[in-house]
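Peer 1: Output the structure for:
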Amino acid sequence: MESKKNKITILYVDDEENNLVSFKATFRIKYKVFTAISGSAALKIVEDNPIDIIITDQRMPEMTGVEFLEEVIKINPEPMRILLTGYTDMAAVVDAVNKGKIFHYLNKPWSEEELDETIQRAYELYSERKTIMETYSKLEVTNEQLEFLLRQKLLS
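Peer 2: This next block holds a predicted model:
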């Protein structure tokens, strides 16, 4: 399990209060959990907190899960995104993949074990992606330094 300060940070968005309470009760010890009852409340959380993984219900009254995820990408494209729905709506799944750029799609009601495994896989990919981006940034700096040295050498 992650140490206290290195817990995976999860935002769970659902318009049903019971689902929010259940999710938090199930995962609060293992993960740092934020919950939101609407897409707009969740966007505020994303703006104010570093989030590793976002899990959202698809069918919500104010904005759908896909619409919410599209807005999240504009604010911060880094968190891994997981879509939950109690309905088999293939158009929603296609939109989630294409517009919300989801990592995974799960049916409601969710199984604690399956959801936990999905969170772990998403976080592994999230961590690998962050490491690759950090390495890429370092390589860009090194490349710029080498180009500068080469220009200096050519000019002298």
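Peer 1: how about low-confidence regions in this protein?
Peer 2: By pLDDT under 70, the low-scoring segments of the chain are 1-5, 87-100.
Peer 1: how about the strands in it?
Peer 2: Under the criterion DSSP state E, strands of the chain are mapped to 9-13, 32-36, 53-57, 80-85, 104-107.
Peer 1: out of those, nearest to E140?
Peer 2: Closest approach to E140 among those (Cβ to Cβ): strand 80-85, 24.3 Å. C-beta: built from backbone N, CA, C; applies to glycine.
Peer 1: now for the closest one, which elements pack on it?
Peer 2: Contacts defined by 3 or more Cβ pairs under 8 Å, 6 or more residues apart in numbering; DSSP states H and E place strand 80-85 against strand 53-57, helix 65-75, helix 90-98, strand 104-107, helix 112-155.
Peer 1: mind running it again at 10 Å?
Peer 2: strand 9-13, strand 53-57, helix 65-75, helix 90-98, strand 104-107, helix 112-155 (3 or more Cβ pairs under 10 Å, 6 or more residues apart in numbering; DSSP states H and E).
Peer 1: Include mean neighbour count and distance to V46 when you put these into a markdown table, please.
Peer 2: Shown next, in a markdown table, are those (neighbours: other Cβ atoms under 10 Å; distance: least, Cβ to Cβ, whole Å):
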| stretch | mean neighbour count | distance to V46 |
| --- | --- | --- |
| strand 9-13 | 24 | 7 |
| strand 53-57 | 26 | 7 |
| helix 65-75 | 20 | 5 |
| helix 90-98 | 15 | 17 |
| strand 104-107 | 16 | 19 |
| helix 112-155 | 12 | 15 |
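Peer 1: now the ones you listed in a markdown table, with distance to S40?
Peer 2: As requested, the helices and strands packed on strand 80-85 are exported to a markdown table (distance: least, Cβ to Cβ, whole Å):
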| stretch | distance to S40 |
| --- | --- |
| strand 9-13 | 10 |
| strand 53-57 | 13 |
| helix 65-75 | 9 |
| helix 90-98 | 19 |
| strand 104-107 | 23 |
| helix 112-155 | 24 |
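Peer 1: I'd like to know which of these is closest to F23.
Peer 2: strand 9-13 (4.6 Å).
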